[in-house]
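# Sequence first, predicted model second:
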Amino acid sequence: MKLRQILVIVALGIGYGFIQPGRFAYAFGHATLYVFLPALLFEAAWNLNYRAIRRQWIAIATLAGPGVLLTALLVAGALAIVRVPFDPALLAGAILSATDPIAVVAVFRRLNVPKTLATIVECEALFNDAVAVALYRCVLAAMALGPAGAGAVAIVAAETLGGAAGGAAFGVALAFLAARILRGSRDVRVQIAATVVCAYGAYFAADFLQLSGIFATIACGIALRFYERSWITLSIADDVDRFWDVGALLANVLVFFMVGAALQIGRVAQEPVFVVACIVAIAVARGMVGGLLLLGPYPREWIDVVRAAGMRGGLCLALALALPPEVPYRGAIVDAAFAVSLATLAISSFALVPVVRRASTSGDARSLARRRTDQIPSG
């Protein structure tokens, strides 16, 4: 899906939102978190290469770990300047630190992006959301505890980290079980059904066990694809790939339409100081997060791509709309999510394609991509 097509779909959704204002606001949050997100995360992870991820794990972990925390703290700091209490300010930072893997992956699939760069940015978008959701739940739990002391907050943080690690382990275990069941199977319908069960089973089972469903789904998709490429007795039909390609396309169209329909343009101006502080903080944070790659052997053009790929959208809005009504500054956080999503989608629509083209034609980028991707098995 091209970025222009995404913008057209969002615009159609906005038009529908003017006709039927607020109709999708409630449904959007739940549909995104429980219907579309598991499938889209699994499909994106299914198309990743484990060996490529392993070679770039430092860059990916840096962007998705410290990068998320840096973004959340910068947003919280900007809101503190305009006298917003720390707890709701940090909650807003956690929500706005979630980039949109749906938009990033959809755009990258249509552009001539060096494979190593695509691996870094797509994985950052996926794991970024997993970390952001974990932080979001951690902050909400800490706010619910109130002034319970640093010990209680530390317990919540430890439980959050344990849930992330446990979710990833659960996803790998489920993928191993599915791979064992599928060994020797040539029935396409069985294979498709197994991957669908993996996508939603990992997400909901992990959530039921109080683990991270996002980490579980991503890990399950990556691990199952790794087993398929590594085990001679496990062969997944091309029809499974086509099923997920078509499913992801349809889900993308629905998600972006609902993003547009859920956007309430009139609300953006209701909290101007709060919204402007968030937009400025996100812009500064994305520049600084991209700069974290300066520590590695990456061309400057690649860093520009990382900075331009910081779109916000479906998950950011879903998390904001899912906030309980009693959360302080809930309305302002929802307004900021609307505004930041609009701003980042608009900026990326102009900036992303040119910087990707520069990265693709850079001599340093081509040589680095060739040198690293030559080591990646084609299977």
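Sure thing, it's come through. For clarity, every value in this text was computed on a predicted model and none was experimentally measured.
# What ranges in this structure fall below the confidence cut-off?
1-4, 22-26, 101-107, 109, 146-153, 232-234, 263-269, 362-379 (pLDDT under 70).
# What ranges does it have for its strands?
Using DSSP state E, no strands are found in the chain.
# In it, which residue sits furthest out from the middle?
residue 184 (33.8 Å; C-alpha atoms, centre = their mean).
# how near is residue 277 to residue 211?
Using C-beta to C-beta, to the nearest Å, residue 277 is found at 34 Å from residue 211. All C-beta spots, glycine's among them, are computed from the backbone N, C-alpha and C.
# what's the nearest residue to residue 185 if we skip its chain neighbours?
Residue nearest to residue 185 in three dimensions, not counting chain neighbours: residue 191, with 6.4 Å by C-beta to C-beta, 6 or more residues apart in numbering.
# make that residue 244, sorry
Looking at residue 244 with C-beta to C-beta, 6+ apart, the closest residue is residue 43, at 4.6 Å.
# The one you found: neighbouring residues, count only.
24 (other C-beta atoms under 10 Å).
# what residues are up against it?
Residue 43 makes contacts with 199, 221, 244-245, 247-248, as judged by C-beta atoms under 8 Å, 6 or more residues apart in numbering.
# Now flag whichever of those residues is closest to residue 338.
Set against residue 338, the nearest of these by C-beta to C-beta is residue 248 (25.0 Å).
# and the closest one, what is it in contact with?
By C-beta under 8 Å, 6+ apart, the neighbours of residue 248 are 39-40, 43-44.
# Which single one of these is nearest to residue 82?
Checking the contacts of residue 248 against residue 82 by C-beta to C-beta gives residue 40 as the nearest, at 34.5 Å.
# Would you mind measuring from the closest one to residue 31?
As judged by C-beta to C-beta, residue 40 and residue 31 stand 12 Å apart.
# With residue 129 instead?
Separation of residue 129 from residue 31 (C-beta to C-beta) stands at 16 Å.
# cool, and residue 292?
33 Å.
# re the thing from before, among the contacts of residue 248, which ones are buried?
Neighbour counting with 16 or more other C-beta atoms under 10 Å marks 39-40, 43-44 as buried within the contacts of residue 248.
# Which of the contacts of residue 43 fall within helices?
Among the contacts of residue 43, the members found in helices (DSSP state H) are 199, 221, 244-245, 247-248.
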